Structure formats: structure tokens, C-alpha cells
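Trainee: predicted model and sequence follow; I will ask about them next.
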Amino acid sequence: MHIELTRDQTFIDCLSEKLTTNQPMADWHEFQRTYNMAQALLVPESHTLKVSEQIKHVNFLPHQLETAQTVLDDMNGRAILADEVGLGKTIEAGLILKEYILRGLVKKALIIVPASLVNQWASELHEKFFIRTTIARKKPIWSNEDIMITSIDLAKREPHRQEILAQHYDLLLIDEAHKLKNHQTKNYQFVQALSKKYCLLLTATPIQNKLTDVFNLVTLLRPGLLGNQRTFLKTFDRGSKELDAELKRLVQKVMVRNLRSETSLDWTKRHVQTVPISFTEQEYQFYHDLEQSCLQDFNTTKTLYLREFCSSREALYTSLIKEQSNQSKQLVQQLEGLPHHAKALKLVELIKTINEKCIVFTEYRATQVYLQWLLKEHGISSVPFRGGFKRGKKDWMKQLFKDHAQVLIATEAGGEGINLQFCHHLINYDLPWNPMRVEQRIGRIHRYGQQQDVHIYNFAIEQTIEDHVLKLLYQKIHLFERIIGQLDHILAKLDVDSIEDEINTIIGGSRSIGEIKIKMNNLAAVIDYMQQDQEEISEHDNRESS
């Protein structure tokens with residue numbers, strides 16, 4: 001191989017002149033400044049974090065610093081940050097990103113978060129870590145050497161998709177990464193195709209329904225670590241103490257999960273209260289008529305109607321008016337003659353008793369509109385929060401709630417990502433049939449920085465399908481007293497995709513309310529037994545390790 005050499009005659013002449021005339025080779029002060037700058041830019045030793053020395057205005061917690069160190073030293077910047085809700089995954093991700101920036105290893109990064117959290121991420125990175133970011137607006141320039149924040153919905157649309165795929169990113173960060181659990185979706189395939197050196201996936205629920213969830217997330221970071229999906233399921237789906245331990249060992253190579261119980265934080269208490277509600281005689285009669293109706297052949301559709309009526313007249317009305325049968329028209333007429341909903345009146349009563357800020361979660365937009373009107377009629381200020389709002393409006397609603405309104409009425413979009421530590425009362429007006437969503441809701445207020453005990457109120461109308469599900473999820477399997485991760489593991493062993501799907505299957509295959517109750521009780525008994533068995537195994541392992 002030929003290497004061309006060139007002679008720097010200017011340097012030689014200058015050096016010769018200085019030697020001949022006995023001049024100093026360089027200015028000492030300039031050399032000292034250059035030396036100090038070089039020292040500041042040196043990559044620190046692997047067992048120290050430079051970011052903790054430079055960021056003095058944030059009190060980082062021990063588990064956050066340990067997580068960042070582990071990801072940097074042992075996982076080569078490719079990790080799932082899976083702390084329980086409220087422990088500071090955003091802080092951990094910021095620590096890692098800032099450290100790589102200080103080391104000169106990250107200049108170009110892409111941060112993909114839910115649309116409602118884009119501004120929050122930009123604000124936190126700037127305020128806590130002095131990291132300047134660019135939010136992708138209508139016409140982003142993806143080729144810039146910059147740290148861009150965007151939503152997955154914008155990023156995967158053309159022409160953005162092709163422009164992003166043409167870039168190479170030093171670091172890719174995905175928030176709410178459990179949404180990538182299905183490898184057949186366009187979102188998953190898009191993220192998989194991105195060119196990235198380091199990659200952080202943030203989720204409080206790495207296993208939502210089954211083992212393939214964690215397999216798909218791990219494969220995004222370290223393809224081949226768990227083999228291919230067929231051999232993975234063949235090996236680990238059988239389940240045993242030895243296999244569980246082996247799977248845990250493999251996953252821990254790319255996942256850090258801190259639990260509240262393992263941190264040194266002095267957590268405020270969580271007080272959970274069930275609020276039983278009775279329909280009026282007129283409402284119970286309508287509920288019975290709806291239950292006995294022949295609007296649909298499938299029980300699952302009828303169950304949806306029953307759930308809607310347990311929420312509000314308005315929620316059911318929006319579904320019934322789409323029906324074209326004589327019976328649906330008759331039910332609509334009955335519905336229009338009903339008084340204010342018993343649950344809604346109970347909500348007004350409770351909020352007046354609380355007399356502090358509180359969040360109200362409902363499953364239905366029609367219920368949200370109705371509740372806002374009803375609260376106004378009783379002199380209670382409230383603001384809505386839902387997925388259909390644009391990014392700026394969501395931020396505005398949060399600010400109005402903090403500064404002016406007593407109540408935030410949220411649909412499920414409010415259970416994702418937003419931080420509301422200034423509030424410590426939460427009302428589950430409608431309980432979801434997915435326990436993971438309940439934990440996400442509570443995590444909005446019961447998180448690091450909360451100074452007050454948190455009060456959670458679960459509404460349920462007695463002698464309805466809502467009441468049956470409450471007793472199954474939140475009493476018989478002791479959801480609030482046990483760790484969500486245990487339930488994930490048990491559902492995977494039972495080959496149950498999700499509690500919500502299993503309940504719908506029970507209802508769809510039952511011919512009476514009595515049969516539904518029996519099957520739900522059986523499911524609860526099996527889950528409860530397996531949870532107790534799992535807890536005994538964990539206690540035995542802890543004794544052996546100590």
C-alpha cells in the first residue's frame with residue numbers, strides 16, 4: 001500500500017528559527033489552558049460518573065446512579081430500564097444520555113415518546129441535565145446533528161420514516177416501550193430497522209401478557225441473546241424453578257428493574273378504599289332489562305353495554321343509538337327517562353368531602369363530558385384530559401389543573417407518563433379490566449417526590465358486572481398488596497394473554513350471570529394459589545441466598 005507523505009516546511013522553518021534565536025517554543029498560559037481543557041474532556045474511569053460531578057442541582061438517588069453505572073459498564077448502553085412506576089426511569093435515561101454526551105460518545109440521538117409527553121421530556125432534559133433538544137414539528141430536519149424528540153406516530157409516517165431510516169443515531173431512546181411487544185407491528189419493525197449504537201427502552205411493565213413480550217424487547221437490543229422465538233418458547237414456556245432462574249439470568253444482561261421495596265426511599269403510604277354504590281330501583285330495573293335484551297347475539301357486546309351503563313347514561317346512549325332495532329329504540333326511551341346516574345352523584349358527594357385536588361379516571365369520553373357538566377352544576381371546577389387533545393392543549397390542561405381547577409377528569413391517556421405529584425387523591429370512577437393500567441394510573445401521583453399519603457377510591461356498583469370484576473381483580477387476588485410483576489409471570493404460566501381477554505372469554509362463553517360468577521371465582525382461586533406458591537418460592541430463595 002502506497003502512503004503519500006508531505007513535508008510541512010512552514011513548521012520546520014518556524015522551529016529552526018526559534019531554536020536559532022533561543023525563543024520559547026510555546027506560551028505557557030496557552031499550554032496550561034489547553035491542558036486543562038483536555039483534562040476536562042478526558043473519558044472518566046469506568047467506575048465514576050462525570051455527570052454526578054457536573055449536575056449539582058439535582059439530588060440523584062442511589063438506585064438511579066447505580067442503574068446508570070450498570071448500563072454504561074455492563075450493558076454497553078443497550079438496556080431495558082424497567083423500574084416500577086414512579087422510581088425515575090426518565091432520570092436514569094437522562095443520566096446515561098448526559099454521561100455519553102460528556103464522554104463525547106453521543107452527538108446525534110433520537111428520543112421517541114408518546115405524543116402527550118414530548119414537551120415534558122424536553123423540559124426535564126433541559127431543566128435537570130442542561131441537554132438542549134429539538135422537538136420534531138411539522139417539517140423537522142432529521143439530518144441535523146441534534147437530539148430530536150418525536151412521537152412514534154410522526155416518525156413512522158412518510159416522508160419522515162425514510163429520512164429517519166437513512167440516519168445513524170449514536171443513541172435511540174424509546175419511552176413506554178411495552179407498546180413494541182408485538183414483533184409483527186409496523187412500530188416494532190420501524191424501531192428494529194433504525195440504525196443505532198446505543199439503545200434504551202423504558203417501560204414499567206416489560207411483561208404485560210406473555211413471555212414473548214420480553215423476548216421481543218430483548219431482541220431489539222441484543223438479537224440472538226434469547227435465541228429465536230420458536231426455541232425460546234419451547235425452552236421456557238414449560239416453566240420450572242431452574243428455567244425461571246436461567247431466563248432471569250439472561251434477561252438481567254439487558255434489563256435493570258428496581259422495585260419500591262428494594263430502594264432506600266421512605267415512600268408515602270397508599271390507602272385504597274372501595275366505594276360501593278347502589279343503583280336506584282329504576283336504574284336496577286333498566287340494568288335488568290338491558291341484561292335480558294336480545295340486542296346482540298354475543299355476550300361480549302352485551303357486556304360492553306352493561307359496562308357503559310355502569311359508567312353513565314350518556315356512554316350507553318352513544319352505543320344504543322347506533323342500533324336500528326325496535327328494542328334498542330325502546331331502551332333509548334327508557335334511558336332518557338332515568339334520573340342522574342347514582343355513581344355520578346356519589347362522585348360529587350365524595351369530591352365535596354375531599355375538598356382537595358383529585359384525579360378522576362373514566363373509560364368513556366361521553367362520561368367525561370357528562371361529569372364535567374355535572375361537577376360544574378355543583379360548583380366544582382374541573383378540566384378534561386384525553387388522548388384526542390393536541391400536545392399543547394394537554395400541557396395547558398395540566399397547568400390549569402395545577403393552578404386553578406380542583407378536578408382533572410381523565411380518560412386512559414391520563415394514565416400514561418404525566419407527573420402530578422401535587423395531587424394525592426385518585427378516583428377510579430370506572431375500573432379497567434387490565435390491572436397494569438390501574439398501576440399506571442396510580443403512578444401519576446404515587447411516585448418519587450410525593451410528599452403526602454396517596455388516597456385511591458375504587459367505585460363499583462353493587463350487583464352488576466362491575467362489582468363482580470372488582471371482587472375478582474382487586475380483592476380475591478389482592479392486586480394492590482402484591483407486586484404486579486408476579487401477576488405477569490403467573491398469567492404467562494397459565495397461558496393467559498391478559499386478564500381482560502380472559503374475563504371477556506368467560507362472559508362470552510357463559511349462559512347466565514351465575515355461570516359467569518362461578519368461572520370468575522375459579523380463575524381467582526387459581527391465580528391466588530399460584531401467587532402464594534410463587535411467594536413461598538421467593539422466600540425460600542431469599543433464605544438460601546442469605
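Mentor: Good, I have the coordinates. Residues are numbered from 1 along each chain as shown.
Trainee: mind checking the backbone torsions on residue 170?
Mentor: Backbone geometry at residue 170, expressed as degrees, to the nearest 10, gives phi -70, psi -40.
Trainee: could you do residue 249 as well?
Mentor: According to degrees, to the nearest 10, the main-chain angles of residue 249 amount to phi -60, psi -40.
Trainee: I'd assumed residue 455 was in a strand, is it?
Mentor: Yes - under DSSP: H, G, I helix; E, B strand; the rest coil, residue 455 sits within a strand.
Trainee: that one: neighbour count?
Mentor: Residue crowding around residue 455 was assessed by other Cβ atoms under 10 Å; the count is 19. (Glycine included, C-beta is placed from N, CA and C.)
Trainee: and the pLDDT for it?
Mentor: For residue 455, the pLDDT comes out at 92.
Trainee: that one and residue 166, how far apart?
Mentor: As defined by Cβ to Cβ, to the nearest Å, residue 455 lies at a distance of 51 Å from residue 166.
Trainee: list the contacts for residue 460?
Mentor: The contact partners of residue 460, taken as Cβ atoms under 8 Å, 6 or more residues apart in numbering, are 274, 275, 276, 277, 431, 466, 467, 470.
Trainee: isn't the third one up against residue 462?
Mentor: Yes - Residue 276 lies in contact with residue 462 (Cβ atoms under 8 Å); the separation is 5.4 Å.
Trainee: related to what we said a few turns ago, whichever of the contacts of residue 460 end up buried, select them in PyMOL.
Mentor: The buried residues among the contacts of residue 460 can be selected in PyMOL (16 or more other Cβ atoms under 10 Å) with this line:
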select buried, resi 274+275+277+431+466+467+470
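Trainee: residue 136: which of the contacts of residue 460 is nearest?
Mentor: For the contacts of residue 460, the residue nearest residue 136 by Cβ to Cβ is residue 431; the value is 35.9 Å.
Trainee: and that closest one, its phi and psi?
Mentor: Note on residue 431: its backbone torsions stand at phi -90, psi 130 [degrees, to the nearest 10].
Trainee: residue 55 too?
Mentor: Summarising the backbone geometry of residue 55 under the convention degrees, to the nearest 10, its torsions are phi -100, psi 100.
Trainee: not counting sequence-adjacent ones, nearest residue to residue 94?
Mentor: Counting by Cβ to Cβ, 6 or more residues apart in numbering, residue 129 is the residue found nearest to residue 94 once chain neighbours are left out, at 4.8 Å.
Trainee: tell me where the chain has strands.
Mentor: Remark: strands assigned in the chain by DSSP state E are 78-81, 109-112, 134-135, 147-150, 168-174, 195-202, 255-256, 270-277, 358-361, 382-385, 407-410, 425-428, 454-461.
Trainee: among the ones you listed, which comes closest to residue 186?
Mentor: Smallest distance to residue 186 across the strands of the chain (Cβ to Cβ): 13.5 Å, for strand 109-112.
Trainee: other SSEs contacting the closest one?
Mentor: Strand 109-112 makes packing contacts with strand 147-150, helix 152-155, strand 168-174 when contacts are defined by 3 or more Cβ pairs under 8 Å, 6 or more residues apart in numbering; DSSP states H and E.
Trainee: domain parsing of this protein, as residue ranges.
Mentor: Domain ranges of the chain: 55-262, 270-545, per automatic domain parsing.
Trainee: as TSV, those domains with distance to residue 31 would be great.
Mentor: Conversion of the domains of the chain to TSV gives the following (distance: least, Cβ to Cβ, whole Å):
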stretch	distance to residue 31
domain 55-262	22
domain 270-545	46
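Trainee: what's around residue 308, how many residues?
Mentor: 23.
Trainee: give me phi/psi at the spatially closest residue to residue 453 that is not a sequence neighbour?
Mentor: Across the structure, with Cβ to Cβ, 6+ apart as the measure, the residue nearest residue 453 apart from its sequence neighbours is residue 269 (4.5 Å). Note on residue 269: backbone dihedrals following degrees, to the nearest 10 are phi -80, psi 160.
Trainee: surely residue 269 touches residue 456?
Mentor: No - look at residue 269 against residue 456 with Cβ under 8 Å: they stay out of range, at 10.9 Å.
Trainee: which of the two has more neighbours?
Mentor: residue 456 (20 against 9).
Trainee: tell me what the more buried one is bridged to.
Mentor: Beta-bridge partners of residue 456, counted by DSSP bridges, are residue 272, residue 426.
Trainee: got a list of what it touches?
Mentor: Taking Cβ under 8 Å, 6+ apart as the contact definition, residue 456 lies against 270, 271, 272, 273, 426, 427, 428, 442, 480.
Trainee: ok, residue 268 next?
Mentor: Neighbouring residues of residue 268 by Cβ under 8 Å, 6+ apart: 424, 446, 450, 451, 452, 453, 454.
Trainee: from those residues, list just the buried residues.
Mentor: Neighbour counting by 16+ other Cβ under 10 Å classes 424, 446, 450, 454 among those as buried.
Trainee: skipping its backbone neighbours, what lies nearest the last one in space?
Mentor: When you say that, I think you mean residue 454. The spatial neighbour of residue 454 that comes closest, neighbours along the chain excluded (Cβ to Cβ, 6+ apart), is residue 446 at 4.4 Å.
Trainee: show the pLDDT at the one you found.
Mentor: If you check residue 446, the pLDDT there is 79.
Trainee: before we move on, what about residue 81?
Mentor: We have a pLDDT of 93 for residue 81.
Trainee: mind checking how far residue 18 is from residue 277?
Mentor: Distance, residue 18 to residue 277, by Cβ to Cβ: 92 Å.
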